[in-house]
Structures are given as C-alpha cells and as structure tokens.
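**Student:** I need the structure of the sequence given here:
(one chain, ligands or ions: 1)
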Amino acid sequence: MKETEPKIYETLKQQEERTPEEIKEGLKVDFERLLENLNSLEKQYSELKKELSLDEKGKTMVIPKEHEKKFQESWENVIKRIEKETDAFSDWEDTGVESGLILGLDEGNYVAPVEFRKKTLLTYLYSIIVRGNIGGRAELDAVKLYLKVPDFLKLWLAIIKAGPGSNILEALDHELIHVLQHTGEVHEILRQPDGFIEGLQTLEMMKNAENKAFQNRALNEMHAYKSSTAISSKRPLTSELIKHIKNGYKVKNIDQLTAAADLVDKLKALGLDDTEIGRLVEQAEWNKKDATWGALNREVGRLGSKYKLETEDVENLVLADRMERKIQSLKAQIIALEEMTKVAESFKDSAK
Ligand SMILES: [Zn+2]
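**Tutor:** All right, here's what the predicted structure looks like:
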C-alpha cells in the first residue's frame, strides 16, 4: 500500500456528480497547502544537502572496494523507499525504467529492448550534419542509447541532484516514450538490413528520409520531453523546450510546439499516462486552421466536459499537477540523500 495522498485528478475521477453550484464555483485546488508542502520539502532538502558535502557532479566519488556491497544494499533501499513513500516513479510504469534502476540499466524490463552502444561513423556524421547531437534513438521495436551504462552510484547522485526525471534516466525514458507513440512506423522508411542509418548511403538520402519520417516531430518530441522530465526538481520551462526542439530537431513551426506543450500538460494533469497519450500522439493530425493537434485536443475537450471543467479549472489543474510532481521529486531526492548520508556516516563510525 502506498503512503502517498491521492492526486487531484484521482479525486476528480472518484467524485460523484458535482452539483451545478459546485461546478459554477470552479474546481477547488488548495494551492496554499501545495505551496507550504513544497517550501518545507525544499528547506528539508537544502539542509540535508548541507550536512553531506557531495561533489555536485559526482565525478570524483569512488566507492572503496570493501564498501561496495553496503552501498549496493543502501541503493536498493533507496529504490524501495521511493517506491513505497512517494509517487515519484509513477511516470515510469509505462516504460519500465523503474526496473532498470533495480536490475541495472542494461538489464531492465522495458517496453522495448534497450541497447547501450557507441555511435557508428554514419550516425555520428548524421548527428552533426543533419541534426543536433543525438543521445539516443528509438526504432520500431528497440531503443539505442549512445552512452556508457552508468553504475548505480551515478544514478543515485543523479536522483539526489534533480529527482527521477534527470540526466540519463530522462534520456532513457524519452526514447522509450517514442516507442509508446509507435512512431516506429515511420522509422520503417529509414530501416535497412543493417539497421537505422547505416544502410542509407548519402546524406541527401538521410535528409529526405528525415523530412518524410517526422512530419509530427514537434508533437512527438514535446511529448517525450515533457513526460520524461515531469518528475524532476529541475524540470525545464516550456519556453526552453520549444527552443531546444526548434534548434535541435529543426522544427520550424512554433505553433505546433506551443500547442503540443499545452495539450500534453493538460492531458497529464487530467490523469492520462504515457501509453494513453502515446496512442493519441500516434493518431494526431495538425489542424492548421485552429492551430491545434486533432486527437489530443478532442480528448482534452471530452474529459473537460466529462468532469464539467471550465477552461480555468483545467489551467489550475495543470499548475497543481506541476507542483504535485515537484513535491514527489523532492521527496525522492530527500530519500536518496538520507540514505547516502546514512551510509557515509556508518563508515565514519567504523573508521574511529
Ligand atoms: Zn526524441
């Protein structure tokens, strides 16, 4: 049994019919309580952080061989506690990233097989000439990450620093979300016997395939970025994401990006998971006249009228959802810090 409070949309789902008066009054979100909660967690986090003077980058920290087992056990405890005491892993249920934390990132039970490997020369050329830097790639039924498999200590430090939606975990979840969008279909065009890209002989061919394959890229990427960074204390601003996708993925249509961000935020706040959003993303078509993404916009409308929500109610839900997820991130960060402090202190004692 989880020890977490129900989220606002969960309460909304369980609610009996609201009376016309209640509907008129609008959805009550207790922002004051959310803010209080956030502030006290932030305070607790920064105090704990002062206690343990960690190297921010975690690059210089090495565990002595004889202590490895103890660290490993504490790390497992971190995961168990986060799972039990928070809701911070909820966004990972669809992609299976949580299992990777326990079993090792290269051994997780993901929604599709994940391979950690080096970039081939052509992928490298492609990434510098056609696109921005590529950290990973989702194919029809597999994900490739161009990274070394990080050890648990790196993951631990990443969670301490920014929460679950941080760093390498974000990159992995991002690519797996593309699998949930089934955008692999378009990768068929790019797939060759040797795998992606390798079979494409010229950069011109790469560029053409790229244009053909990613007509809905603004939406695909915005969904993957929004969801993979949702539970993080360093969640990027929408404006930063727009800029990042516009430059890194050569998306020209800013309206498409803005609408995608708005709709994904709303659907997540209304309680949809990434499998459900992925399905909508797969079906979505850009409606130029109304500057919106068809399937997603219809779903926001349908849920809004089902729960009898005014536009303002939905906007409040989005704000509250943002705060709720930040609270979950901070709780996870505090647990990770507490356990790190505990294990560090136990060595201090034994050294006396
Ligand atoms: Zn992507």
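
**Student:** What residues does this structure have near the ion?
**Tutor:** Counting by Cβ under 5 Å from the ion, the chain comes close to the ion at 221, 224. Glycine gets a C-beta too; all of them are placed from N, C-alpha and C.

**Student:** which stretches of the chain have low pLDDT?
**Tutor:** 1-3, 16, 53-62, 123, 126-127, 129-134, 139-140, 183-214, 348-352 (pLDDT under 70).

**Student:** can you map out the strands along it?
**Tutor:** For the chain, strands defined by DSSP state E occupy the ranges 114-116, 136-138, 143-145, 286-287, 292-293.

**Student:** Tell me which of the ones you listed approaches Leu101 most closely.
**Tutor:** Nearest of these to Leu101, taken as Cβ to Cβ: strand 114-116 at 13.0 Å.

**Student:** Tell me which strands that closest one pairs with, and in which orientation.
**Tutor:** strand 143-145 (parallel) (DSSP bridges).

**Student:** Tell me which of the strands of the chain sits most buried.
**Tutor:** strand 292-293 (a mean of 24; mean count of other Cβ atoms under 10 Å).

**Student:** residues making contact with that strand?
**Tutor:** Residues from elsewhere that reach strand 292-293 (Cβ atoms under 8 Å, 6 or more residues apart in numbering): 219, 256, 259-260, 263, 284-287.

**Student:** Around Glu338, count how many other residues there are.
**Tutor:** 18 (other Cβ atoms under 10 Å).

**Student:** Tell me the spacing between the nearest residue to it once chain neighbours are set aside and Leu41.
**Tutor:** The shortest distance from Glu338 to any non-neighbouring residue, by Cβ to Cβ, 6 or more residues apart in numbering, is to Leu48 (6.6 Å). Between Leu48 and Leu41 the distance is 11 Å, computed by Cβ to Cβ, to the nearest Å.

**Student:** related to what we said a few turns ago, would you turn the strands of the chain into a markdown table with distance to Thr19?
**Tutor:** Output for these, formatted as a markdown table (distance: least, Cβ to Cβ, whole Å):
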| stretch | distance to Thr19 |
| --- | --- |
| strand 114-116 | 49 |
| strand 136-138 | 46 |
| strand 143-145 | 48 |
| strand 286-287 | 35 |
| strand 292-293 | 31 |
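
**Student:** Would you tell me which of those gets closest to Leu319?
**Tutor:** Closest among the strands of the chain, once you apply Cβ to Cβ, is strand 292-293, at 20.7 Å.

**Student:** Tell me, how many residues neighbour the closest residue to Ile334 other than its chain neighbours?
**Tutor:** In this structure, Ile334 finds its nearest non-sequential neighbour in Tyr45, 5.4 Å apart by Cβ to Cβ, 6+ apart. Burial of Tyr45 is recorded as 18 neighbouring residues (other Cβ under 10 Å).

**Student:** And the top helix by length along the chain, what does it pack against?
**Tutor:** Determined from DSSP state H, the single longest helix within the chain is helix 311-351. If contacts are counted by 3 or more Cβ pairs under 8 Å, 6 or more residues apart in numbering; DSSP states H and E, helix 311-351 sits against helix 8-14, helix 31-51, helix 68-85, helix 152-162, helix 254-269, helix 294-306.

**Student:** Can you name the residues that contact the most centrally placed residue in the chain?
**Tutor:** Nearest residue to the geometric centre of the chain (Cα atoms, centre = their mean): Ser228, 1.1 Å. Going by Cβ under 8 Å, 6+ apart, Ser228 touches 91, 165, 169-171, 173-174, 177.

**Student:** how about those, which pair is most distant?
**Tutor:** Top of the distance list for those (Cβ to Cβ): Asp91 and Ala171, 14.3 Å.

**Student:** out of those two, which sits in the more crowded spot?
**Tutor:** Asp91 (25 against 17).

**Student:** That one touches Ile231, doesn't it?
**Tutor:** Yes - counting by Cβ atoms under 8 Å, Asp91 touches Ile231, with 5.5 Å between them.

**Student:** shared neighbours, these two?
**Tutor:** Joint contacts of Asp91 and Ile231 (Cβ under 8 Å, 6+ apart) are 164-165.

**Student:** Quick check on Tyr146: phi, psi?
**Tutor:** phi -90, psi 70 (degrees, to the nearest 10).

**Student:** looking at it, it is touching Gly135, isn't it?
**Tutor:** Yes - judged on Cβ under 8 Å, Tyr146 makes contact with Gly135 at a distance of 6.1 Å.

**Student:** okay, those two: which has more neighbours?
**Tutor:** Neighbour totals were compared for Tyr146 and Gly135, and Tyr146 leads with 19 against 16 (other Cβ under 10 Å).

**Student:** The more buried one - nearest residue in space that isn't next to it in sequence?
**Tutor:** Among residues not flanking Tyr146 along the chain, Lys119 sits closest, at 4.8 Å (Cβ to Cβ, 6+ apart).

**Student:** Check the gap between the one you found and Lys144 for me.
**Tutor:** For Lys119, the distance to Lys144 equals 9 Å [Cβ to Cβ].
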